[in-house]
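Peer 1: Sharing a model that was predicted from the sequence below.
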Amino acid sequence: MASLKDERARVSSAPRKYQPKPLYIQKARHGLEQKITNIRLKKAVIGVCLAGALTLLMMDYSLFGSKGAWELTQSVPGLFFIVALPLYILYRDLKRYKKTVTDDLQKLVLLCVIIVGAVAVSRFSAEILSTFTRNLPGVGERAGYFAVPVALGAMLATLLFDIHTGIIVSFVMSIFADIIMGGEPLFFVYTFVGSMVASFSVVRCNQRSALLKAGLFVSLANMAAAAILDLYRHMLFTRGGLHDIVAASIGGAFVAVLVSGILPLLESTFKVVTDISLLEYSDLNRPLLRNLMVNAPGTYHHSIIIGSLAEAAAEAVGVNPLMARVSAYYHDIGKIRKPEYFIENQAKGENRHDRLTPSMSSLIISSHVKEGVELARESKLPPAIIDVIMQHHGNALMTFFFEKAKEAEGAESSVREEDYRYPGPRPKTKVAAIVMLSDAVEAASRVLDNPTPPRIAAMVDKIVNRIFEDGQLNDCDLTLRDLTEINRSFNLLLSGIYHHRIDYPGLGIPSGGEKRKLGGTAYKQPEEDKAPAFHHPEGGRRRAMFVGPGKR
Ligand SMILES: [Fe+2]
Ligand SMILES: [Fe+2]
């Protein structure tokens with residue numbers, strides 16, 4: 001029998017992949033597996049609860065009588081599976097194409113609330129409206145069903161998530177609506193058309209009043225769908241057909257009114273940011289932005305330009321341009337607390353960093369990220385914008401202060417690179433990465449001599465490459481193709497901003513080059529914005545105004 005020693009020797013001589021993993025790896029793996037199992041369990045519980053709640057909402061209550069006990073025991077489980085199947089399809093679709101929704105329990109709960117809410121509203125309004133129309137002389141209960149605001153669910157899903165989620169919710173809600181209307185043949189088609197139009201009419205909805213316009217589109221789509229269904233049933237040119245079309249138009253109005261009321265409630269409860277609320281945050285008269293304009297006018301101007309750059313870049317790679325613009329407006333909000341330490345707000349000739357040690361300067365500069373997050377939380381900005389503020393410098397190195405500290409300590413310097421890095425984290429979303437790139441590009445473009453389009457293109461290329469090589473984009477989903485598109489949009493916009501301007505002869509206004517020579521104070525390279533030698537694309541070496549990615 002082999003001894004323990006022999007056994008150990010045998011294991012250690014085995015190929016590496018067959019050797020037992022160290023204990024800490026085993027523990028970490030076990031912890032991760034446990035975590036994944038817990039999340040799966042939570043999702044399964046949410047799914048079963050959702051299907052159960054929807055079954056209760058949609059079941060036929062008339063079976064509760066003494067005679068219906070046997071029917072009840074069969075129809076309730078049957079209904080449960082009818083409900084569970086489309087929900088499972090919805091989940092699989094989102095898991096495949098919208099992992100951001102399925103990986104976030106809060107978002108999953110929000111989606112459940114939308115579906116349950118839409119089914120509850122549809123069920124109770126179907127009861128009320130059908131009873132109402134049944135009691136109207138000459139109008140049947142069928143007309144009431146056409147006014148049920150089923151499209152509510154799809155419209156809310158598009159506004160709070162995206163069009164993809166809106167379309168799949170349209171499909172699911174149409175099946176549920178068919179059950180609610182007592183299996184009315186072809187009602188699926190009617191509700192699907194209304195829900196799809198509701199989704200598409202709010203894709204670029206950035207004003208609350210636009211919801212009413214969307215409601216009008218739903219009304220028109222409902223009327224057309226009701227007319228087609230009645231044509232198929234030979235009812236279009238009858239009194240019943242007219243009643244159906246009138247009820248269908250009312251359904252669209254109901255959807256607009258309900259969404260206008262429910263949307264702000266869901267936005268604030270689940271801290272979700274929609275295009276409508278983003279547009280409100282982009283108002284330059286909001287207290288935080290006004291504060292930035294008054295206390296740090298240079299930063300304010302810098303943020304507005306970055307807003308335009310980020311918006312164009314986001315449009316080019318297919319992410320929300322409004323989100324990019326608004327995040328850019330707030331990205332440097334932390335500079336409000338110590339504006340005079342940042343070059344764009346300094347009066348000519350004075351640089352606060354001349355009197356500080358490099359380590360103190362780097363602490364002050366990097367603190368604008370933390371202070372920005374604090375200010376944003378105090379002002380109740382949405383978490384998505386706060387994340388961009390937190391990530392807009394990633395963990396980039398403040399190269400100038402790092403080099404300065406090493407220079408000051410001499411040859412045997414013990415300066416650690418980690419002490420001169422921003423706290424991070426690195427950008428985790430495409431929007432945060434775009435704001436980071438726009439920030440660095442805007443800063444560098446300010447000191448570009450004779451900014452011709454080829455020089456701008458070379459500068460943009462250089463900066464984007466530097467950020468990429470520094471690993472700052474490792475945690476986000478930007479692809480190389482996205483980076484090419486972003487480069488192109490930056491070139492286009494910066495070439496437009498710095499297009500050739502004619503001189504004003506006779507007014508004595510010095511040109512850009514002359515200005516730099518005159519005293520040079522206004523253009524003096526600020527300490528916190530100096531970068532190590534930057535190879536100018538057209539030869540020679542000069543200092544760029546940024547330090548690493550997003551130095552400003
Ligand atoms: Fe910044
Ligand atoms: Fe900035």
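Peer 2: The structure has been received and is ready for your questions. Ligands and ions are numbered 1, 2, ... in the order given.
Peer 1: tally of neighbours for whatever residue of the stretch 51-200 of the chain ends up closest to ligand 2?
Peer 2: Nearest to ligand 2, among the residues of the stretch 51-200 of the chain, is Thr100, at 26.2 Å (C-beta to the ion). (Each C-beta comes from the backbone N, C-alpha and C, glycine too.) Burial of Thr100, expressed as a neighbour count using other C-beta atoms under 10 Å, amounts to 12.
Peer 1: Lys43 too?
Peer 2: Burial of Lys43, expressed as a neighbour count using other C-beta under 10 Å, amounts to 16.
Peer 1: Where does pLDDT dip in this protein?
Peer 2: Judged against pLDDT under 70, the low-scoring parts of the chain cover residues 1-22, 30, 33-34, 36, 63-68, 349, 500-552.
Peer 1: moving C-terminal of the top helix by length along the chain, what's the next helix or strand?
Peer 2: Longest helix in the chain by number of residues, with DSSP state H as the criterion: helix 23-58. For helix 23-58, the succeeding helix or strand toward the C-terminus, using DSSP states H and E, is helix 69-97.
Peer 1: buried sites along that following helix?
Peer 2: Along helix 69-97, the positions that meet the burial threshold by neighbour count (16 or more other C-beta atoms under 10 Å) are 72, 75, 79-80, 82-84, 86-87, 90-91, 93-94.
Peer 1: what's the domain layout of this protein?
Peer 2: Structural domains annotated on the chain: 23-272, 278-499+518-543, as defined by automatic domain parsing.
Peer 1: where does the first one sit relative to the chain's centre, distance-wise?
Peer 2: Taking C-alpha atoms, centre = their mean, to the nearest Å, one finds the center of domain 23-272 at 24 Å from the center of the full chain.
Peer 1: Can you give me the end-to-end span of that domain?
Peer 2: One end of domain 23-272 sits 41 Å from the other (C-alpha to C-alpha, to the nearest Å).
Peer 1: next one: stretch 459-476 to chain centre, how far?
Peer 2: Stretch 459-476 sits 21 Å away from the centroid of its parent chain (C-alpha atoms, centre = their mean).
Peer 1: ok, back up a step: which of the buried residues of helix 69-97 lies closest to Arg355?
Peer 2: Leu94 (55.8 Å; C-beta to C-beta).
Peer 1: Tell me if I'm right that that closest one and Thr100 touch.
Peer 2: No - with contacts counted by C-beta atoms under 8 Å, Leu94 stays clear of Thr100, the gap being 9.1 Å.
Peer 1: and stretch 441-459, anywhere near ligand 2?
Peer 2: No - using C-beta under 5 Å from the ion as the criterion, no contacts between stretch 441-459 and ligand 2 are found, and the smallest distance is 7.1 Å.
Peer 1: Mind listing what's buried along that stretch?
Peer 2: Buried residues in stretch 441-459, counting neighbours by 16+ other C-beta under 10 Å, are found at 441-448, 451, 455-459.
Peer 1: can you put the residues you listed in CSV and add distance to Leu494?
Peer 2: Below are the buried residues of stretch 441-459 laid out as CSV (distance: C-beta to C-beta, whole Å):
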residue, distance to Leu494
Val441, 7
Glu442, 8
Ala443, 12
Ala444, 10
Ser445, 5
Arg446, 10
Val447, 13
Leu448, 9
Pro451, 7
Arg455, 10
Ile456, 5
Ala457, 9
Ala458, 12
Met459, 8
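Peer 1: Tell me which of those residues fall in helices.
Peer 2: Members of these lying in helices (criterion: DSSP H): Val441, Glu442, Ala443, Ala444, Ser445, Arg455, Ile456, Ala457, Ala458, Met459.
Peer 1: and the first one, what does it touch?
Peer 2: If I follow you right, that is Val441. Leu309, Met459, Val460, Ile463, Val464, Phe490, Leu494 (C-beta atoms under 8 Å, 6 or more residues apart in numbering).
Peer 1: Please report which of those residues has the highest neighbour count.
Peer 2: Each of those was scored for neighbours by other C-beta under 10 Å, and Phe490 scores highest at 28 neighbours.
Peer 1: Let's verify it: helix, strand, or coil?
Peer 2: helix (DSSP: H, G, I helix; E, B strand; the rest coil).
Peer 1: for Ala347, same thing?
Peer 2: Secondary structure of Ala347, reduced to three states by three-state DSSP: coil.
Peer 1: and it, how many residues sit next to it?
Peer 2: That count, for Ala347 with other C-beta under 10 Å as the rule, works out to 9.
Peer 1: From ligand 2, how far out is it?
Peer 2: Distance, Ala347 to ligand 2, by C-beta to the ion, to the nearest Å: 20 Å.
Peer 1: That's all I had, so thanks and see you.
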